[in-house]
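Student: need a structure here:
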Amino acid sequence: RVTPENTYSTIDYSLFLAGTTKYMCMAPYCGRGRNSMKFAVVIGDGMSDYPVRELKNMTPLMFARKPNMDFMAGHASHYGLCQTTVESLPAGSDVANLSVMGYDPARYYNGRGPLEAMSMGIKLKPDDVAFRCNLITVRDGLIADYSAGHVTTEEAAALIKYLDEEMGGDGVKFYPGVSYRHLLVFNGSCADAVCDAPHDYTGEPVDAHLPRGEGHERLIKMIKSSWEALGDHPINRKRAGEGKNPANSIWPWGQGRAPAMPRFQEKYGLSGSVISAVDLIKGLGASAGLEIVNVPGATGYFDTDYRAKADYALKALEDKDFIFVHVEAPDEAGHEGMAEEKVRAIEDLDSKVIGPMLEGMRGMGDFRLMVLPDHPTPLSIKTHARDPVPYVIYDSRRNAGTGKAYDEASMADGVFIAEGHRLMDLLIRGTL
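Tutor: Numbers count the residues shown, from 1 in each chain. As a prediction, the model looks like this:
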């Protein structure tokens, strides 16, 4: 167990990997047919991190009380570090979760926007380009808040509808999503424009991060037109009067065209479902042919209903072989630099999702449960990092003691998986 006395100031994974860590490259899963075993993946989005001074120089995973994750690590069938991001692609949840689901991002990634369109049931034409479209706060020429104070879904829906009425048409369409996360579809060019993700540049000048490259003039015009449309909207006047950040600008990014990828059941021989409050993850599931389970009270923020996600996951497993459960809260805390909230999100994930799932799956017969982050979202940088993430797989048929706790350092002497999309093979096959 890592203690304050033997932690390190920054995580250097090369030290962990040298000498003791085993590298592996696995052949693709080739089995077919229905499996009586149940499989589950729980993603704590962005929960891995670097040591934090206010957490006694421990990472949030080391500091948090998480008896269920530690039990899994202490009785793991497999554990280690996994490289879920790809150097040539953004270090985002889209690439990382695509990888964890078993799909090689270098082959199948085609932008974040089209995945979110899939989750919303939007059929893209061949020449449509779908953008993730944040509602953000611009103040004094700066990207002041990438989420507009986590504007409510109801407020945002009214604002997006208004934008579509004022600025839509002529091949442009706005679609409302959840909280600050929405969709903008262009018919035509712009697919190759360079668009910065707003959560990577909070506090920096807007002008330094406006779109560049193909079609950038059209995108910049849309952004600046939104300032006039939203600036004096009654919803934003009300938010400002309440001391909240106004949603006074759009910010398009993560664009692409409709993806094409094999169905999960064809690839692994398993039926399955996805649970998430985030359109991106739902879109990944829909693209893979997985059933999308909508959970009341799932918000994608700190107030999400963790226990409902566990209950719905167990219910889905009554009819399906596989469930993919995604919890966004640790990532949101990382982006906002809130150490206490990140620890609390990890503890809630452990007690309200992983604990109930372990208990519930024991009543279903043999099962394997895997827990991991999709990527790190370190509190010190408030954005995603490319470091490998700790994973642990618990197999109900094995009970060997490892003496491990679940955190970045403790998992580092296990098996390192250099290609993240191979991790699903390890979960489903159960062998190296």
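Student: burial of the closest residue to Gly113 other than its chain neighbours, as a residue count?
Tutor: Nearest residue to Gly113 in three dimensions, chain neighbours excluded: Ala130, at 3.5 Å (CB to CB, 6 or more residues apart in numbering). For every residue, glycine as well, the C-beta is placed using N, CA and C. By other CB atoms under 10 Å, 31 other residues sit near Ala130.
Student: just the one 10 residues further on next, same as before
Tutor: Applying other CB under 10 Å, we find 7 other residues in the vicinity of Asp140.
Student: now do the residue nearest to Gly113 against Val325, distance only.
Tutor: 25 Å (CB to CB, to the nearest Å).
Student: again with Leu423
Tutor: Using CB to CB, Leu423 is found at 16 Å from Val325.
Student: same deal with Tyr301?
Tutor: Taking CB to CB, one finds Tyr301 at 16 Å from Val325.
Student: quick one: which of these two has more around it?
Tutor: More crowded of Tyr301 and Val325, by other CB under 10 Å: Val325, with 28 against 17.
Student: please name the residues that touch Phe131.
Tutor: 113, 183-186, 190, 195, 252-255 (CB atoms under 8 Å, 6 or more residues apart in numbering).
Student: give me the distance between the helix or strand where the residue nearest to Gly113 lies and the centre of its chain.
Tutor: Here Ala130, judged by DSSP states H and E, is contained in strand 128-139. Put simply, strand 128-139 sits 18 Å off its chain's centre (CA atoms, centre = their mean, to the nearest Å).
Student: repeat that for stretch 96-105.
Tutor: So, by CA atoms, centre = their mean, the centroid of stretch 96-105 is 11 Å from its chain's centroid.
Student: partner strands of the strand holding Ala130, with direction?
Tutor: Strand pairing for strand 128-139, determined by DSSP bridges: strand 142-145 (antiparallel), strand 181-187 (antiparallel), strand 249-256 (antiparallel).
Student: go through those and pick out the most buried.
Tutor: Of the strands paired with strand 128-139, the one with the most neighbours on average (mean count of other CB atoms under 10 Å) is strand 249-256, at a mean of 25.
Student: that strand: what's the following helix or strand?
Tutor: helix 264-268.
Student: only the buried residues of that following helix, if you could.
Tutor: 264-265, 267-268 (16 or more other CB atoms under 10 Å).
Student: can you check stretch 417-430 too?
Tutor: 417, 419-430.
Student: quick one: distance of that stretch to the chain centre.
Tutor: On CA atoms, centre = their mean, the centre of stretch 417-430 falls 18 Å from the chain's centre.
Student: in the chain, what residue spans correspond to strands?
Tutor: Listed in chain order, the strands of the chain (DSSP state E) span 22-24, 38-44, 78-82, 128-139, 142-145, 172-178, 181-187, 249-256, 272-275, 291-293, 322-327, 367-372, 389-395, 415-417.
Student: now do the helices in the stretch 51-200 of the chain.
Tutor: Using DSSP state H, counting those that start in this stretch, the helices found in the stretch 51-200 of the chain span residues 60-63, 67-74, 93-100, 105-108, 112-119, 153-167.
Student: what would those helices look like in JSON lines with mean pLDDT and mean neighbour count?
Tutor: Output for the helices of the stretch 51-200 of the chain, formatted as JSON lines (pLDDT from 0 to 100; neighbours: other CB atoms under 10 Å):
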{"stretch": "helix 60-63", "mean pLDDT": "98", "mean neighbour count": "27"}
{"stretch": "helix 67-74", "mean pLDDT": "98", "mean neighbour count": "22"}
{"stretch": "helix 93-100", "mean pLDDT": "95", "mean neighbour count": "28"}
{"stretch": "helix 105-108", "mean pLDDT": "92", "mean neighbour count": "16"}
{"stretch": "helix 112-119", "mean pLDDT": "86", "mean neighbour count": "27"}
{"stretch": "helix 153-167", "mean pLDDT": "97", "mean neighbour count": "17"}
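Student: so how far is Leu314 from the residue nearest to the spatial centre of the chain?
Tutor: In the chain, the centroid-proximal residue (CA atoms, centre = their mean) is Ser93; its distance is 4.0 Å. Computed with CB to CB, the distance linking Ser93 and Leu314 is 24 Å.
Student: and what of Gly188?
Tutor: 45 Å.
Student: the more surrounded of the two?
Tutor: Leu314 (19 against 13).
Student: quick check: chain neighbours aside, which residue is closest to that one?
Tutor: Gly360 (4.0 Å).
Student: OK, contacts around that neighbour?
Tutor: Gly360 touches 310, 314, 317, counting by CB under 8 Å, 6+ apart.
Student: which of these fall in helices?
Tutor: 310, 314, 317 (DSSP state H).
Student: nearest to Gly403, of these?
Tutor: Ala310 (27.3 Å; CB to CB).
Student: run a quick neighbour tally on that closest one.
Tutor: 25.
Student: contacting residues for it?
Tutor: Contacts of Ala310 (CB under 8 Å, 6+ apart): 325, 352-354, 356-357, 360.
Student: need those in JSON lines with distance to Glu242 and pLDDT, can you?
Tutor: Output for the contacts of Ala310, formatted as JSON lines (distance: CB to CB, whole Å; pLDDT from 0 to 100):
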{"residue": "Val325", "distance to Glu242": "34", "pLDDT": "98"}
{"residue": "Lys352", "distance to Glu242": "30", "pLDDT": "98"}
{"residue": "Val353", "distance to Glu242": "32", "pLDDT": "98"}
{"residue": "Ile354", "distance to Glu242": "36", "pLDDT": "98"}
{"residue": "Pro356", "distance to Glu242": "36", "pLDDT": "98"}
{"residue": "Met357", "distance to Glu242": "38", "pLDDT": "98"}
{"residue": "Gly360", "distance to Glu242": "41", "pLDDT": "98"}
